[in-house]
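1. Sequence first, predicted coordinates after that:
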Amino acid sequence: QVVYVTLGGTAGERLLRETDLPIFTVEDRNSPYVPADVLDTFDPDVVLLDVLDCDGSLLKALKKSTDARLIVMDDTKAGLECADVAINAIVAQHGAYSTDGIQGALYEGPAYMILNSDVAKVVRRDGTKVDQARKILLSFGGTDTHNVTERMLDALNGVPDTFDIRVSLGPASEPSDHLE
């Protein structure tokens with residue numbers, strides 16, 4: 001059994017509520033509150049925490065409340081020290097955190113990004129390989145918390161070649177003036 005933990009009142013929570021996943025929410029990143037009834041009800045094997053850079057008190061409370069393995073996603077602070085597993089698919093690209101003091105397994109980089117299996121199966125209709133891409137699709141998750149889309153567009157603007165660039169914002173992304 002996996003229990004998913006996320007921030008309450010966010011688009012991420014709304015999207016998760018549309019699934020059959022058992023979830024519970026915390027009020028903010030610094031909340032040490034863990035609803036014991038949720039953990040008792042589900043008796044999880046894994047708690048997956050998607051609360052960007054949450055405070056160590058929440059992680060310590062979770063570790064004390066359950067024997068479940070604790071997995072954090074895109075955490076650059078306490079999660080690296082407290083979790084059994086940290087999956088830093090996006091924040092690893094920024095290189096803005098120290099890996100000193102890591103207690104569990106750390107998986108970094110784009111190889112650990114979530115990719116819809118339908119996208120992974122796509123090949124060109126004629127089956128040929130392309131030597132040089134001319135069309136680029138940018139998509140950085142449901143919320144693009146770190147504004148990777150804007151930074152990637154800025155980087156591509158510095159490339160002398162011409163590309164057909166399409167941007168796909170996730171369902172919880174809020175477009176900025178720069179992206180319009």
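-> That came through, no problem. Numbers count the residues shown, from 1 in each chain.
2. Need phi/psi at the nearest residue to Gly141 once chain neighbours are set aside.
-> For Gly141, ignoring the flanking residues on the chain, the nearest one in space by Cβ to Cβ, 6 or more residues apart in numbering is Gly170 at 5.4 Å. Quick note: C-beta positions are derived from backbone N, CA and C, even for glycine. Torsion angles at Gly170 (phi, psi; degrees, to the nearest 10) stand at phi -70, psi 170.
3. Identify the residues contacting Gly170.
-> The contact partners of Gly170, by Cβ atoms under 8 Å, 6 or more residues apart in numbering, come to Ser139, Phe140, Gly141, Gly142, Thr143, Asp144.
4. Closest to Leu58 out of these?
-> Using Cβ to Cβ, Thr143 is the member of the contacts of Gly170 that sits closest to Leu58, with 19.5 Å.
5. The closest one: how many residues sit nearby?
-> For Thr143, the tally of surrounding residues (other Cβ atoms under 10 Å) stands at 18.
6. Nearest residue to it in space, ignoring adjacent ones along the chain?
-> Spatial nearest neighbour of Thr143, excluding adjacent residues (Cβ to Cβ, 6+ apart): Ala172 at 4.4 Å.
7. does the one you found sit in a helix, a strand or a coil?
-> Recorded secondary structure, Ala172: coil (DSSP: H, G, I helix; E, B strand; the rest coil).
8. Please tell me how far it sits from Gly79.
-> For Ala172, the distance to Gly79 equals 21 Å [Cβ to Cβ, to the nearest Å].
9. So for these two, which residue has more residues nearby?
-> Gly79 (28 against 16).
10. and that one, that's in a helix?
-> Yes - according to three-state DSSP, Gly79 belongs to a helix.
11. That one touches Leu62, doesn't it?
-> No - using Cβ atoms under 8 Å, Gly79 is not in contact with Leu62, being 10.6 Å away.
12. Identify the contacts common to these two.
-> Common contact partners of Gly79 and Leu62 (Cβ under 8 Å, 6+ apart): Leu49.
13. Can you get me a residue count around Ser57?
-> Residue crowding around Ser57 was assessed by other Cβ under 10 Å; the count is 15.
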